[in-house]
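[1] A predicted structure for the sequence below; I have some questions about it.
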Amino acid sequence: MLDGYIICGTPRSGSTLLCGLLASTKTAGDPHSFYRRQDTAEWAEEWQLPHPDTMSAHAFDVAYLEAATRAGKGGTAVFGLRLMRENLDELQAILDRIYPSLPSDKARFERAFGHVLYIHLSRENKLAQAISLIKAEQTGLWHIAPDGTEIERVAPPQEPRYDFERIQQELAELEAYDAAWNVWFVKQGIVPLRVGYESLSGDPAATLASICEALGVPPPNAGDVTPGVAKLSDAISLDWIHRFRADASV
């Protein structure tokens, strides 16, 4: 059995769905974005860590890492972490400060988290991914349950607005982030387990079983696998895809 895994993703690639599925097994950790810079202060407060002003930066980094490792295990033997490509450089810097003598990012990750499985979670339809991200940012609604109940809303409801240039920008950024993951994997000599959003959303039980097998933990019965979130794609999303392709061809 491996010590843990790192979900290497990009926004709106299905990471919330995958994290929920893994946590639901009760054997494969409890992955979250512990190193998303916007959330670190909230995590530190939840873990009741001393305020950063009361200790050295190095001591805080070590205390945070220890707390994140405990939280990512969720009472199991397996550690889980969700890491977006935009947060990779910052985590690299933190681990470099803690383990300055190690020769590579992979060596520092293994020193911090043990023998981990790298899961590259990507979405083949990058245009749909970009539109999903923009709609979430505009409407404030990020996740809903299968019954339609809102799970995560970060702003009051707003109507989505088609914006060709913004979609074009997000599309380029998402493609660059995914490419950057692949460059990093090659540079670090990592062969990740590749998981596609389309396969994950189409057959969550099969995807979860394949990850559990790679981790060396027993998978749940397929009939017991219940996704905790539902797709937000709708007629507006489809209309934007058609409009963008038409505008891009002009």
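    Nice, I can see it. Residues are numbered from 1 along each chain as shown.
[2] tell me, how many neighbours does the residue nearest to residue 20 when sequence neighbours are not counted end up with?
    Nearest residue to residue 20 in three dimensions, chain neighbours excluded: residue 228, at 3.9 Å (Cβ to Cβ, 6 or more residues apart in numbering). Bear in mind the C-beta positions are built from the backbone N, C-alpha and C, glycine included. Here the number of neighbours of residue 228 (other Cβ atoms under 10 Å) works out to 16.
[3] Residue 228 against residue 17, yeah?
    Yes: with contact defined as Cβ atoms under 8 Å, residue 228 counts as touching residue 17 (7.2 Å).
[4] Please enumerate the shared neighbours of the two.
    Contact with both residue 228 and residue 17 is made by no residue, according to Cβ atoms under 8 Å, 6 or more residues apart in numbering.
[5] how about the strands of this structure, start to end?
    With DSSP state E as the criterion, the chain has strands at 4-9, 79-84, 116-122, 141-144, 150-153, 193-196.
[6] In a markdown table: these, plus mean pLDDT.
    Below are the strands of the chain laid out as a markdown table (pLDDT from 0 to 100):
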| stretch | mean pLDDT |
| --- | --- |
| strand 4-9 | 98 |
| strand 79-84 | 98 |
| strand 116-122 | 98 |
| strand 141-144 | 96 |
| strand 150-153 | 94 |
| strand 193-196 | 98 |
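[7] most packed of those strands?
    With neighbours taken as mean count of other Cβ atoms under 10 Å, the strands of the chain reach their highest mean count in strand 4-9, at a mean of 26.
[8] picking that back up, who wins for proximity to residue 242 among the strands of the chain?
    Comparing the strands of the chain by their distance to residue 242 (Cβ to Cβ), the top pick is strand 141-144, with 22.2 Å.
[9] by contact count, what packs against the closest one?
    Other elements packing on strand 141-144 under the criterion 3 or more Cβ pairs under 8 Å, 6 or more residues apart in numbering; DSSP states H and E are strand 150-153.
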